[in-house]
Structure formats: structure tokens, C-alpha cells
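Peer 1: Here is my input; please provide its structure:
(2 chains)
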Amino acid sequence: MHWTEYFSPLMEGAWVTIQLTIYSTIFGAILAFAAGIGKLSSNWAIKAVSVAYIEVFRGTSLLVQLFWLYFALPIAGMAIGLDLRLPPVAAGVLALSLNIGAYGAEVVRGAIQSVHKDQHEAARALNFTPRQTLWNITIPQSIPEMMPSFGNLAVQNLKDTALVSLISLGDLAFRAEQIRNFTQDSTTIYSMLLVTYFGMALVLTAIMRGLEAYVSRWRVARS
Amino acid sequence: MLFGYEWDLSSPLAFAISILPILLTGMVVTIQAALLGFAVALVLGLIWAVLKAAPSRLISWPAKVVTEFIRDTPLLVQLFFLYYVLPEYGIVLPAFMTGALALGIQYSAYTSEVYRAGLEAVGADQREAARAHNLSPARTFTHIIVPQAVPRIVPSMGNYLVSIMKDVPVLSVVTVLEMLNVAKIVGDRTFDYLVPLSMVGALYLIMTLVASTGVRLLDTWLPKQGIPLK
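Peer 2: Modelled structure (predicted):
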């Protein structure tokens, strides 16, 4: 097998990695907002759930979470009479989004708290309800603050997708491993793999920079 | 049986208690790998930081590219690379050493930024004051800059140690018997993954909680004005 023949299986795997990254980043962002806002909630039950979620998923290893969802969850389901066997794709996306969501939640919380007190007072003076204040005043202003950290988390997430190859999901790292097992040409294949991940990370960084520039218009001039 | 400990499958609780010593054996390896990787990251990160701050672009630019490359590629792939490619060039390391090296290399890209930020956070006025007092550049560095940078650097480094600890399970793919790998083996033999993997999760929570509390205490204990190198 000539090294140029590695491209087509690698590209197949790269496409899986790209899809995984997109889905888990989007789900992760939703979870991040839910838990980040939930942590600031005045309702203690919502707050407790958010804090527990953030602590558990930030406090344990992603690989442990992934293995737990893939190997342990079906057994837990069996004990309560439910079929919780997840296909590798579902387990992979779920573990990645839950993990990155917990890290993102802290970013969201920090950014929301960084919105100036005056803004809250002004919203209250204008008789906004707490919900209106959150959606129309606080969140739009805090999003530009979140973007640099979200960019880092997105790249982190891209790198983390490599771990799903360990639950037999045919992503980029998995394809490379298959080719290596077949050809034993470790140096070439792993060099190509590293360069491909690097290229994808550069593209992702560029996309996140673009998004950052786009949302920076929501930034309010501070006095 | 694993590491000489029998497991008791009579009830989930008995099972959990009986495999605890097995998992703790794995935890020791996890902590050792994390500490060794951290040590590599501290040293290598400092080297990157110095190279990146070099006055010549011929040195600083390649260092920046290399650290960016390390930062943007997955630990798993770097580990595979080291584990399978190094032996082809005659460098045969045990799996544990390769793993710790991979952890150290991956995190050196992050620690180099911590060093840079910590050193830059010491204001220009401090350098000017040192110059006004006629201190040599070497003494300015060791007596003015480093002491003030240390309290800024240490907490971030502590956080990276916690991160490294959470990345150690990746080493299981090259047969390092750390905690997750041990739990997986127990699961493979007993067909019960729920208890061992949940135990690993719980033990991880305890480990990271203890470690991050330690980092926080260290942060409050370190004097903000700096630590003299004496």
C-alpha cells in the first residue's frame, strides 16, 4: 500500500471527526448555557442540579465518562429494566458534549457575572422582568466575553474526539489505527494523522475567530 | 483475581469494597504518571517559554510553531506516535515512560504559556526600577522578576496538574495499568462494568477535589508580593 492510498480512508475518518466535533460542540454549547445560567439561578433545585453536573463532569476524566456511558450505562439500565445500550456514535457525542458543556458552563457563568451591575439596575429601572433582563440585556452582552474561551474549548473538543476511536467509532484516529495495523507503516501514518488534526484545528480556530469578530458588535461600550 | 486480590460478587456493595484495593493500586500508577508527566511539562514548558521569548525570530518562530502544533493535536495521537514511531528509530521506552513523556509534551505547550504570562505580568515599572537601582539583568531576573512571577504561575500550574491527572486514562491504550485500565480489566473478567467504572468516577472526583483544594490553599498561602529566591 503506497502512502497516497492512505488518503481516502483517512478522509472518511476525518469526515466522521468533523461531524462529531460539530454535533458535540453544538450540544455542548446548549448544555453550557443551561448549566451556566442554572448555576446562577435563585431556584435551589436548578442550582443544585447545575452545580452537581458541572462538578461531576469537570472532576472526572473524559475517557472514564465515555467508558461509563458505553460499558456501564447498559448494565445500569438492565438493573432498572430499561434498554440503555447506546450505539458508539450516540455514546461518543453524548460524552463529548456533556464533558465540554461542563467546562463551557463555567465560561458562561463567568461571562454573565462579568456584565456590569449598572446594566441590571438600568433593566430593573425600566421595569424589565428577570427573564427579559437575562435574555435581552445580560446574555447578548456576555456572549462576546465567552467567545475566546469557547474557541479554545472547541479546539479542545476536536482533540478529544480522538478518544471515541477507543469505543470502535470509525473516526480519523480509528482509521489511522486500522491502516497501521494493516501496513505497520507507523511513521508515515501517524505523521499524516498529526498533520490532519493540526489542519482541522487551524480551520476551526479560524472559524471561531470569525464568529468572535461577528459577535463583538454586541459588545457595549463601557464607560 | 487481580494483583492478588479476590473479588466478591455476592452484592454490588461487597463487589465495590472487594475491588477497592485493586483500583487503589491503579490509582498509585495514575498519580505517578501524572507527577512524572507534570515534571516533564514544567521543564519542557520552561524551555519553550525561553525559546519563544528569544530575541531572534529564527529561534522564537519555530518554537511558536512547534508549541502550536503540540497544542492542536490530540494527546492520544501523540502517544501513539511516540509509542510506535520511537522504537523504529531505536528508542525503546517502557509504556509508562512513553505515556508520561506524551503527557509532558502535550502539557508543555500549555505550561509555556503560563510561564510567559507570569513573567509578562510583572510590570515594566519593576524592570525600570531595577535598572534605576543599577541591578544587572541577571539579578533583575532572579531577584525582581522571578519572585513576583512565582505566585502568578503556581496556581495555574496546579490546575494543569489536575488536568494531567484527568488525561492519564488515555495511557491505558498503550497498556499502562492505571486506574481506568484496571477497572476495565475487572469489568472484562466479571462482566460487570457498572461498579468498577462508577468507582473510578467516584475516586476521580475525590482525587480532583483534593488536588484542586490543595491548589486553592497554595494560592491563598503564597504571598502576593512574591517569594525571594534565597
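
Peer 1: On the C-terminal side of the lengthiest helix in chain A, identify the next helix or strand.
Peer 2: Assignment by DSSP state H gives helix A:7-39 as the longest helix of chain A. Tracing the chain past helix A:7-39, the next element assigned as helix or strand by DSSP states H and E is helix A:44-59.

Peer 1: returning to what we had before: as a whole number, average confidence for the longest helix of chain A?
Peer 2: Per-residue pLDDT over helix A:7-39 has a mean of 92.

Peer 1: Now for residue 40, how many residues are close by?
Peer 2: I'll assume chain A. 15 (other Cβ atoms under 10 Å in any protein chain shown). Any C-beta I mention is one placed from the backbone N, CA and C, and that applies to glycine too.

Peer 1: nope, chain B please
Peer 2: Using other Cβ under 10 Å as the criterion, residue B:40 is surrounded by 21 other residues.

Peer 1: Stretch B:114-134 vs chain A: in contact?
Peer 2: No: Stretch B:114-134 stays clear of chain A (Cβ under 8 Å from any Cβ of the partner chain), getting no nearer than 14.0 Å.

Peer 1: Give me the contact list for that stretch.
Peer 2: B:45-46, B:49, B:52-53, B:139-140, B:144-145, B:148-150, B:152-153, B:156-157, B:160 (Cβ atoms under 8 Å, 6 or more residues apart in numbering or on different chains).

Peer 1: Does residue A:115 touch residue A:136 like I think?
Peer 2: No: Residue A:115 sits out of contact with residue A:136 when judged by Cβ atoms under 8 Å, with a separation of 12.0 Å.

Peer 1: between the two, which one's more packed in?
Peer 2: Neighbour count, other Cβ under 10 Å: between residue A:115 and residue A:136, residue A:115 has more, with 18 against 13.

Peer 1: State the distance from that one to chain B.
Peer 2: Using Cβ to the nearest Cβ, to the nearest Å, residue A:115 is found at 25 Å from chain B.

Peer 1: who's in contact with that residue?
Peer 2: A:137-138, A:141-142 are the contacts of residue A:115 under Cβ under 8 Å, 6+ apart.

Peer 1: Next, format those residues as CSV and append distance to residue B:118, secondary structure and neighbour count.
Peer 2: CSV is the format used below for the contacts of residue A:115 (distance: Cβ to Cβ, whole Å; DSSP: H, G, I helix; E, B strand; the rest coil; neighbours: other Cβ atoms under 10 Å in any protein chain shown):
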residue, distance to residue B:118, secondary structure, neighbour count
A:137, 36, helix, 19
A:138, 32, helix, 22
A:141, 30, helix, 19
A:142, 27, helix, 22
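
Peer 1: ok, which pair from those is furthest apart?
Peer 2: Greatest spacing in these, by Cβ to Cβ: A:137 and A:142 (9.6 Å).

Peer 1: now, which of the contacts of residue A:115 lie close to chain B?
Peer 2: Among the contacts of residue A:115, proximity to chain B is found for none (Cβ under 8 Å from any Cβ).

Peer 1: And those residues, which is closest to chain B?
Peer 2: For these, the minimum distance to chain B (Cβ to the nearest Cβ) is 22.8 Å, reached by residue A:142.

Peer 1: so what's the closest one up against?
Peer 2: By Cβ under 8 Å, 6+ apart, the neighbours of residue A:142 are A:108, A:111-112, A:114-115.

Peer 1: Can you check the pLDDT for it?
Peer 2: Looking at residue A:142, the pLDDT reads 89.

Peer 1: which residue sits closest to it, ignoring its sequence neighbours?
Peer 2: Spatial nearest neighbour of residue A:142, chain neighbours left out: residue A:111 (3.9 Å); criterion: Cβ to Cβ, 6 or more residues apart in numbering or on different chains.

Peer 1: Pull out the buried residues from whichever strand or helix holds that neighbour.
Peer 2: Residue A:111 belongs to helix A:88-113 when assigned by DSSP H and E. Using 16 or more other Cβ atoms under 10 Å in any protein chain shown as the test for burial, helix A:88-113 gives A:88-89, A:91-109, A:111-112.

Peer 1: And the next helix or strand past the lowest-mean-pLDDT helix or strand in chain B?
Peer 2: Across the helices and strands of chain B, mean confidence by mean pLDDT, DSSP states H and E is lowest for helix B:137-139: a mean of 85. Moving toward the C-terminus from helix B:137-139, the next helix or strand (DSSP H and E) is helix B:146-167.

Peer 1: Hey, what's the angle from that following helix to helix A:88-113? Just curious.
Peer 2: Between helix B:146-167 and helix A:88-113, the angle comes out at 150 degrees (axes from the mean of the first three to the mean of the last three Cα atoms, to 10 degrees).

Peer 1: Output the below-cut-off pLDDT ranges for the chain.
Peer 2: Looking at chain A here, since you left the chain open. Residue ranges of chain A with pLDDT under 70: A:220-223.

Peer 1: nope, chain B
Peer 2: B:1, B:224-230.

Peer 1: Name the residues that touch stretch B:58-67?
Peer 2: B:48, B:51-54, B:108-109, B:112-113.

Peer 1: Same question for stretch B:104-111.
Peer 2: With Cβ under 8 Å, 6+ apart as the criterion, stretch B:104-111 contacts B:36-49, B:67-68, B:70-71, B:75, B:78, B:82, B:157, B:160, B:163-164, B:167.

Peer 1: which bits of chain A sit near chain B?
Peer 2: Contact residues, chain A versus chain B (Cβ under 8 Å from any Cβ): A:55-56, A:58-65, A:67-68, A:71-72, A:75-76, A:79, A:155, A:159-163, A:165-166, A:173, A:176-177, A:180, A:186-187, A:190-191, A:193-194, A:197-198, A:201-202, A:205.

Peer 1: just the buried members of those?
Peer 2: The neighbour-count criterion (16+ other Cβ under 10 Å) marks A:56, A:58-65, A:67-68, A:71-72, A:75-76, A:155, A:159-163, A:165-166, A:173, A:176-177, A:180, A:186, A:190, A:193-194, A:197-198, A:201, A:205 among the residues of chain A next to chain B as buried.

Peer 1: one step back: which neighbours do residue A:115 and residue A:136 have in common?
Peer 2: Common contacts of residue A:115 and residue A:136 (Cβ under 8 Å, 6+ apart): none found.

Peer 1: Up against chain A, what does chain B have?
Peer 2: Going by Cβ under 8 Å from any Cβ, the residues of chain B near chain A are B:69, B:71-78, B:80-81, B:84-85, B:88, B:165-170, B:172-173, B:180, B:184, B:187, B:192-194, B:197-198, B:200-201, B:204-205, B:208-209.

Peer 1: Any quick ChimeraX command for the buried ones out of those residues?
Peer 2: Command for ChimeraX that selects the buried part of the residues of chain B next to chain A, burial taken from 16+ other Cβ under 10 Å:
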select /B:69,71,72,73,74,75,76,77,78,80,81,84,85,165,166,167,168,169,170,172,173,180,184,187,192,193,194,197,198,200,201,204,205,208
